[in-house]
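Asker: Have a look at this fold, sequence not included:
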């Protein structure tokens, strides 16, 4: 097993109001629907959600992502944060946040995410696995945040 950690941070400027932007990212199911390759997301209990993603990979390196995250929505601070509930048997761990603020007649969204993928591959392939996983996870996060931007600019 090879663990690959990927940090992805981006700021978005959108024309939607801060209330509209917060409503989107605070609705975990609706926000998740913007994520490429999402098969389904289930509310396990309270703020804990289980993600099921389409299998991704190149050649013999495959990752079928299933993981849980615990979400905390803070309406007053206009933040949504998530953390892994502990090693729950999934093949990925995700933590991060959305922070929403007013900005020059529009809204600024700050997205921060750290993902650790547990890739079933021999240690001999570590260098190649790290490059592929980093590239793939970064592309997915970019596509997700771009889809959120498009929705909030519509």
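Answerer: Cool, got the structure. The model shown is predicted, which means the values in this text are computed figures rather than measured ones.
Asker: Could you find the closest non-adjacent residue to residue 37?
Answerer: Using C-beta to C-beta, 6 or more residues apart in numbering and skipping the chain neighbours, the partner closest in space to residue 37 is residue 54 (4.1 Å). Just so you know, the C-beta spots here come from the backbone N, C-alpha and C atoms, and that holds for glycine as well.
Asker: That neighbour contacts residue 39, doesn't it?
Answerer: Yes: Residue 54 is in contact with residue 39 according to C-beta atoms under 8 Å; the separation is 5.7 Å.
Asker: Tell me where this structure has strands.
Answerer: In the chain, the strands defined using DSSP state E lie at 2-14, 38-45, 48-53, 56-58, 61-63, 66-74, 79-83, 92-103, 106-119.
Asker: and stretch 69-81, how far apart are its ends?
Answerer: End-to-end distance for stretch 69-81, by C-alpha to C-alpha, to the nearest Å: 10 Å.
Asker: ok, and for it, which residues are buried?
Answerer: Under the neighbour-count criterion of 16 or more other C-beta atoms under 10 Å, stretch 69-81 has 69-71, 73, 78-81 buried.
Asker: I'd like the strands of the chain as TSV, with distance to residue 130 appended.
Answerer: Shown next, in TSV, are these (distance: least, C-beta to C-beta, whole Å):
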stretch	distance to residue 130
strand 2-14	5
strand 38-45	24
strand 48-53	19
strand 56-58	13
strand 61-63	10
strand 66-74	19
strand 79-83	23
strand 92-103	15
strand 106-119	9
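Asker: Which of those strands sits closest to residue 22?
Answerer: strand 92-103 (4.6 Å; C-beta to C-beta).
Asker: For that closest one, name the packing helices and strands.
Answerer: Applying 3 or more C-beta pairs under 8 Å, 6 or more residues apart in numbering; DSSP states H and E, one finds that strand 92-103 contacts helix 18-26, strand 66-74, strand 79-83, strand 106-119.
Asker: how does it look with 10 Å?
Answerer: strand 2-14, helix 18-26, strand 48-53, strand 66-74, strand 79-83, strand 106-119, helix 126-153 (3 or more C-beta pairs under 10 Å, 6 or more residues apart in numbering; DSSP states H and E).
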